[in-house]
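In: structure here, sequence nowhere to be found:
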C-alpha cells in the first residue's frame, strides 16, 4: 500500500530538497553538550493535518504520517509530489483537565512556501488543510 509513496520519497530524498520551516528560536535546552530540545515559534501558515486515535500513541503517529505521505506523494488535486518540509509536527492531545494524554494525536505537514496561497486538496477526506496562527513548537 505504501510502495509508491516510499519510492517517490526515495527518488526525492536529497537533503537539499527538504524545506526547513522558518522559525524563531525561543529557547534551546542542552545537557552535557547534547541538544535535548528547542522551543520554536513558527509564523502563521497553512498545514495539512490529520487527527488519529488508535489504541497506541505510536501507532496513531505512524498511521497519520503514512496518510500524509500519500498526500505529499501525488494523492492530491495537483497530482504532483509536493516536497518535504521539516519537521513534521505531532500534537499530543490531553483530557479536559489537562492532567493526562489522550490516545488522539494530530500529525501535521507544513505546506511549502510555493503552496501556501493555494494548497492542493487532499484525496483523503481525513486530511484537512488548516491555517494555524503563530505557533509554539518543541522540537527534538
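Out: Yep, that arrived. Small disclaimer: the values here were computed from a predicted structure and weren't measured. Numbers count the residues shown, from 1 in each chain.
In: alpha carbons only for contacts and neighbour counts from here, please
Out: Fine.
In: residues in contact with residue 108?
Out: The contact partners of residue 108, taken as Cα atoms under 8 Å, 6 or more residues apart in numbering, are 47, 48, 49, 50, 68, 88, 89, 90, 91.
In: what about it, which SS state?
Out: Reduced to three states with DSSP: H, G, I helix; E, B strand; the rest coil, the structure at residue 108 is strand.
In: does it have beta-bridge partners, and which?
Out: residue 49, residue 89 (DSSP bridges).
In: okay, strands next: where are they in this protein?
Out: For the chain, the strands defined by DSSP state E cover 19-20, 23-31, 34-42, 45-53, 85-86, 89-94, 101-110, 128-132, 135-139.
In: in this structure, where is pLDDT below threshold?
Out: Low-confidence regions of the chain, defined here as pLDDT under 70, cover residues 1-17.
In: one more time with 80, if that's ok
Out: When the per-residue scores of the chain are filtered using pLDDT under 80, the ranges that remain are 1-18.
In: run the chain-centre distance for the top helix by length along it.
Out: Of all the segments assigned as helix in the chain under DSSP state H, the longest by residue count is helix 57-72. Relative to the mean C-alpha coordinate of its chain, helix 57-72 is positioned 9 Å out (Cα atoms, centre = their mean, to the nearest Å).
In: packing partners of it?
Out: Helices and strands touching helix 57-72, by 3 or more Cα pairs under 8 Å, 6 or more residues apart in numbering; DSSP states H and E, are strand 45-53, strand 101-110.
In: list the buried residues in it.
Out: By neighbour count with 16 or more other Cα atoms under 10 Å, helix 57-72 contains the buried residues 57, 60-61, 63-72.
In: go through those and name the one nearest residue 112.
Out: Using Cα to Cα, residue 72 comes nearest to residue 112 of the buried residues of helix 57-72, at 10.5 Å.
In: from the buried residues of helix 57-72, which is closest to residue 28?
Out: Closest to residue 28 out of these is residue 61 (24.8 Å), distances taken as Cα to Cα.
In: good, wrapping up.
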